[in-house]
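**Student:** The following comprises the amino acid sequence and a computationally predicted model.
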Amino acid sequence: MKKNLATFISANISANRRFIPLFTTATLFFIAYAVGAVFFEGMRESQIFLNLFRTSPFLLIAAIGGTYVILSGGIDLSVGGVIALTTVASAALLRAGWNPLVVMLLMLAMGTIIGVTIGCLVTYLQVQPFIATLAFLWIGRGLCFFISDDSIAINNPVYKILSQTRILIPGLSDPVTKEGSFISLLVVLALVVLALAIYIAHYTRFGRTVYAIGGNEQSARLMGLRVNSTKVGVYALAGFCSALAGITYSIYVGSGHGLYVQGFELTVIASVVMGGTMLTGGVGYILGTMFGVLLLVVTQTLIQSTGQLSSWWTNIVVGVLTMVFIGVQSLLAKRKKRGAAVRKGGVFLMLLRNRKSLFAVGGTLCLIVLTILGFSFLFSGITSTPIAYQEKPFRQDQAASLMKSGAVITYERNGGPTCIDELYVIYPDGTIKGDNGAMNVEKQVTPAEVSSLLEGIAQLGWFTEELYSTWHKPCGQCYTYFISVSYQGQEKTVQAVNGGTDAPAEYWQIISLINGVIPPITPTQ
């Protein structure tokens, strides 16, 4: 009986081995979230689960484009440059008074043209995808600062509607009071793109050709498939998705800047690999990419929920998971080459024959884990009291005193790579003052601009339960923020740390609104 059961399981695994990476990623995600729900009470709330989608629509959209490129056997490093350029260009055009719909269409056309250019370089000039896309990463970043050196706030009403509109979840919310669990329009957009991408990949000639090219490009040519035009189309689609992700990101943060999404292209690749798509091409599923994105986000959420670990641990865990999935892909590739042996002896016999490889992979992972733990232990004393970075005392007592003296907004930013501590105060008459302990700045705006700023902050739900304080241990690149707002007889202070997903998305939109009016303290930044 046991032998028959083992044979049955082995036969089913062998017959459906292409689904193993997808199933593994989905299982790891649900296990990770279940563990978090057990240890952290907040993760048992439905809204926290939905926040995994709310904080990553731009990542999912970009990863979908990256999946097509990797499925075709290529790689795309231009993602971050295209997204940053899209945010800056769209913000600049909107500031100049352009129609938001025209701006969006123009950005999508720009991304598609960049993708077509990369595709032509790769296909017709035989430029390596790594080199071609890397070039456009730097071109995109450079053009951002050609447009503007500073962040450009987006105050367009259409963008505000797109960012603030909530779609209540039936059964988890009250339609009368309009409270409860919800998602944003950006999440709906990402899910629509996901559904279309799945359909194109599995039910169209274009999608089947992409898989064929990734599996064996020479065989695809011999079969008479349109290889060249498909490869150009793949990069055009990736450029379109990057531009769409850039539009989504600019709506999400309410501004544009050339320094946004640094290293994002590597995050996209990690999400695709963790989703089960093989880097060699030809194997993978778009749905798996979604679970890869969710696994990355839930990892970040779990690390932040501890309140003790630096957000840099997210990069370490994602790096280990990426190597695990690459190792699994290598084993599956070996098994594919030895398919005849698997059919005769079953998957368990194959694993037995490859026990040396299994031991090598397992030993390597154990060594990596032990090395990480060793470094964490050895340098714990150093990291707890760093020399290069030491957090300055917060000045919330001073901020509270300023609020009592008639200020309507105080804004403190503490930390970062240069260890700053900036405190700004905004008065109803439009007077704005700021200092970092060594230098003072001042700016005068109109009272109407202050009223508009306060109204925008209130519309983002500042005085509701949706805006709440969060905290996790900041890394050397992260900032801790304190914002106090007084408006129409109400006063509230909210704290958050960037570099994570625990803070409400609206908090970063409010910071973008404030950054749009305060003067920079240039010498310390």
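**Tutor:** Now that the structure is in, tell me what you want to look at. Numbering: from 1, shown residues only.
**Student:** measure residue 22 to residue 205 for me?
**Tutor:** Look at residue 22 and residue 205: by Cβ to Cβ, to the nearest Å, they are 23 Å apart. Every residue, glycine included, has its C-beta placed from N, CA and C.
**Student:** who has more neighbours, these two?
**Tutor:** Shown here are residue 22 and residue 205; by other Cβ atoms under 10 Å, residue 22 has more neighbours (19 against 11).
**Student:** Could you check how far that one is from residue 29?
**Tutor:** Distance from residue 22 to residue 29, by Cβ to Cβ: 11 Å.
**Student:** where do the contact lists of those two overlap?
**Tutor:** Residues touching both residue 22 and residue 29 (Cβ atoms under 8 Å, 6 or more residues apart in numbering): residue 291.
**Student:** How about the contacts made by residue 505?
**Tutor:** When contacts are counted by Cβ under 8 Å, 6+ apart, residue 505 touches 51, 54-55, 184, 252.
**Student:** just these now: which is nearest residue 228?
**Tutor:** Of all these, residue 228 sits closest to residue 252, with 36.2 Å by Cβ to Cβ.
**Student:** Doesn't the closest one lie inside a helix?
**Tutor:** Yes: the assignment for residue 252 by DSSP: H, G, I helix; E, B strand; the rest coil puts it in a helix.
**Student:** pLDDT value on it, please?
**Tutor:** The score at residue 252 is 88. That number is its pLDDT.
**Student:** which residues of the stretch 151-300 of the chain fall in strands?
**Tutor:** Secondary structure of the stretch 151-300 of the chain by DSSP state E, counting those that start in this stretch: the strands cover 152-153, 166-174, 179-184, 255-256.
**Student:** do the stretch 401-525 of the chain as well
**Tutor:** Along the stretch 401-525 of the chain, the segments classed as strands by DSSP E, counting those that start in this stretch run 409-415, 420-426, 431-435, 440-444, 479-487, 490-497.
**Student:** what about the ones you listed, which gets the closest to residue 518?
**Tutor:** Of those, nearest to residue 518 by Cβ to Cβ is strand 420-426, at 5.0 Å.
**Student:** residues in contact with the closest one?
**Tutor:** Residues contacting strand 420-426 (Cβ under 8 Å, 6+ apart): 392-395, 398-399, 402, 407-414, 432-437, 450, 453, 514, 517-518, 521, 524-525.
**Student:** before we move on, the earlier item: for the strands of the stretch 401-525 of the chain, give me a markdown table that also has distance to residue 41, mean neighbour count and mean pLDDT.
**Tutor:** Shown next, in a markdown table, are these (distance: least, Cβ to Cβ, whole Å; neighbours: other Cβ atoms under 10 Å; pLDDT from 0 to 100):
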| stretch | distance to residue 41 | mean neighbour count | mean pLDDT |
| --- | --- | --- | --- |
| strand 409-415 | 28 | 23 | 90 |
| strand 420-426 | 33 | 22 | 89 |
| strand 431-435 | 38 | 18 | 91 |
| strand 440-444 | 43 | 12 | 91 |
| strand 479-487 | 24 | 20 | 90 |
| strand 490-497 | 20 | 17 | 89 |
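**Student:** can I get these in TSV with distance to residue 284?
**Tutor:** As requested, the strands of the stretch 401-525 of the chain are arranged in TSV below (distance: least, Cβ to Cβ, whole Å):
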stretch	distance to residue 284
strand 409-415	39
strand 420-426	43
strand 431-435	49
strand 440-444	51
strand 479-487	37
strand 490-497	35
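**Student:** Under the pLDDT cut-off, which ranges of the stretch 351-500 of the chain? List them.
**Tutor:** Judged by pLDDT under 70, the stretch 351-500 of the chain has its weakly predicted residues at 351-392, 472-477, 499-500.
**Student:** do you know how far the closest residue in space to residue 275 that isn't next to it in sequence is from residue 480?
**Tutor:** In this structure, residue 275 finds its nearest non-sequential neighbour in residue 292, 3.0 Å apart by Cβ to Cβ, 6 or more residues apart in numbering. Using Cβ to Cβ, we find residue 292 at a distance of 30 Å from residue 480.
**Student:** Next: residue 93.
**Tutor:** Residue 93 is 33 Å from residue 480, by Cβ to Cβ.
**Student:** and if you look at residue 157?
**Tutor:** As defined by Cβ to Cβ, residue 157 lies at a distance of 31 Å from residue 480.
**Student:** likewise residue 156?
**Tutor:** According to Cβ to Cβ, residue 156 and residue 480 sit 29 Å apart.
**Student:** Listing request: residues of the stretch 201-350 of the chain with sub-threshold pLDDT.
**Tutor:** The stretch 201-350 of the chain contains residues with pLDDT under 70 at 305-312, 328-350.
**Student:** Spatially nearest residue to residue 194 (excluding sequence neighbours)?
**Tutor:** Counting by Cβ to Cβ, 6+ apart, residue 290 is the residue found nearest to residue 194 once chain neighbours are left out, at 5.9 Å.
**Student:** can you tell me how far that neighbour sits from residue 192?
**Tutor:** Per Cβ to Cβ, residue 290 is found 13 Å from residue 192.
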